[in-house]
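Student: Coordinates for the following, if possible.
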Amino acid sequence: MNGFVIEHMDIFSAISDGNICKLLQSLLVDCIRTKFPDVEAVVGLESRGFLFSFSLASELGISCLSVRKKGKLPGDVISYEYDLEYGSDTLEIQKDKIRPGLKCLLVDDLIATGGSITAATKLLQTCGAEVLGCLVIIELKSLKGRENIPEGIPVHSLIQYE
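Tutor: Numbering: from 1, shown residues only. Got it, this is the predicted structure:
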């Protein structure tokens, strides 16, 4: 991406530069318009997915939804519990913000093992939403997270590290 390097495979080293922020926004919007033209809602994953979901949804004129860890969203929620290497965790979405058939795109900064993206995908599918795909800035390919995403859900990453 125009010769910049994301230090330590972390998004914060990139977004501290305003020009990089503009470039990332432009690349993400172009990707969505090209690969996911029917999207109705951008769904940001806790918490760094929120850095991108609002601005993307705003620029595209569509809904912005949040998937958060248990107990952080107000009102009635729909929950999905999933297993981790060291126990379990729960993701939630506000019940009145999601509807059957809603065409969603999951957005996060990073895919490593794919656990949180897989859980968020299953949460949305449990709600009857249609998950069009997942869009991430960074993919750590050596961890093979893409292989854990439910079949038929495309993953698009801007930067891949081996």
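Student: what's next to whichever helix or strand Ala119 is part of, contact-wise?
Tutor: In the assignment (DSSP states H and E), Ala119 maps to helix 115-126. Identification of contacts with helix 115-126 by C-beta atoms under 8 Å, 6 or more residues apart in numbering yields 43, 45-46, 67, 78-80, 82, 84, 89, 91-93, 98, 104, 106, 108, 111, 131, 134, 136, 145, 148-150, 153, 155. The way it works is simple: take the backbone N, C-alpha and C, and place the C-beta from them, glycine included.
Student: Show the buried residues in the residues you listed.
Tutor: Neighbour counting with 16 or more other C-beta atoms under 10 Å marks 43, 45-46, 67, 78, 80, 91-93, 98, 104, 106, 108, 111, 131, 134, 136, 145, 149, 153, 155 as buried within these.
Student: just checking, which of those belong to strands?
Tutor: Among the buried ones among the contacts of helix 115-126, the ones falling in strands (DSSP state E) are 43, 45, 67, 78, 80, 91-93, 104, 106, 108, 111, 131, 134, 136, 155.
Student: What mean pLDDT does the longest helix seen in the chain get?
Tutor: Longest helix in the chain, counting residues (DSSP state H): helix 18-35. The predicted model gives helix 18-35 an average pLDDT of 94.
Student: need the contact list for the spatially most central residue of the chain.
Tutor: When C-alpha atoms, centre = their mean is applied to the chain, the residue found nearest the centroid is Val107 (2.1 Å). Residues in contact with Val107 (C-beta under 8 Å, 6+ apart) are 28, 42-45, 49, 52-53, 56, 134-136.
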